[in-house]
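In: Everything below, folded, please.
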Amino acid sequence: MSLCTRCGVPFGCAMADGGDAPCWCTELPPVVPVPGVEAGCWCPACLRAHIASAASDAALEKRFRRDD
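Out: From the prediction side, this is the model:
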């Protein structure tokens, strides 16, 4: 069992915990680096929230970007 380095909740991480199957996170879009964290995994809820926030930020940046 791993602990989320963001919120501290325990969760299963196949990469860190030594599972045979790929970790659940490999099915999510890659978003790196995790801000303010040198190493460690985030739980599904924290990682999904971070991905959603990053996607939203990118969409806003693209929408309001000006090509002068």
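In: Now do the contacts for the residue nearest the centre of the chain.
Out: Taking Cα atoms, centre = their mean, the centroid of the chain lies closest to Leu47, which sits 3.3 Å from it. Neighbouring residues of Leu47 by Cβ atoms under 8 Å, 6 or more residues apart in numbering: 25, 28, 31, 41. Glycine gets a C-beta too; all of them are placed from N, C-alpha and C.
In: Quick check: pLDDT value at it.
Out: As predicted, Leu47 sits at a pLDDT of 89.
In: thinking again about what came up before, ok, of the contacts of Leu47, which come out buried?
Out: Among the contacts of Leu47, the ones that count as buried by 16 or more other Cβ atoms under 10 Å are 25, 31, 41.
In: so the last one touches Pro10, yeah?
Out: So the one you mean is Cys41. No. Here Cys41 does not reach Pro10: they are 11.1 Å apart, not a contact under Cβ atoms under 8 Å.
In: between the two, what contacts are shared?
Out: With Cβ under 8 Å, 6+ apart as the test, Cys41 and Pro10 both reach 2, 4.
In: Please, where are all the helices along this structure?
Out: For the chain, the helices defined by DSSP state H occupy 14-17, 44-64.
In: Pull the residues that contact the shortest one.
Out: Right, the one you point to is helix 14-17. By Cβ under 8 Å, 6+ apart, the list of residues contacting helix 14-17 reads 1-2, 20-25, 41.
In: what's the closest of the buried ones among the contacts of Leu47 to Ser53?
Out: Minimum distance to Ser53 across the buried ones among the contacts of Leu47 is 9.1 Å, recorded for Val31 (Cβ to Cβ).
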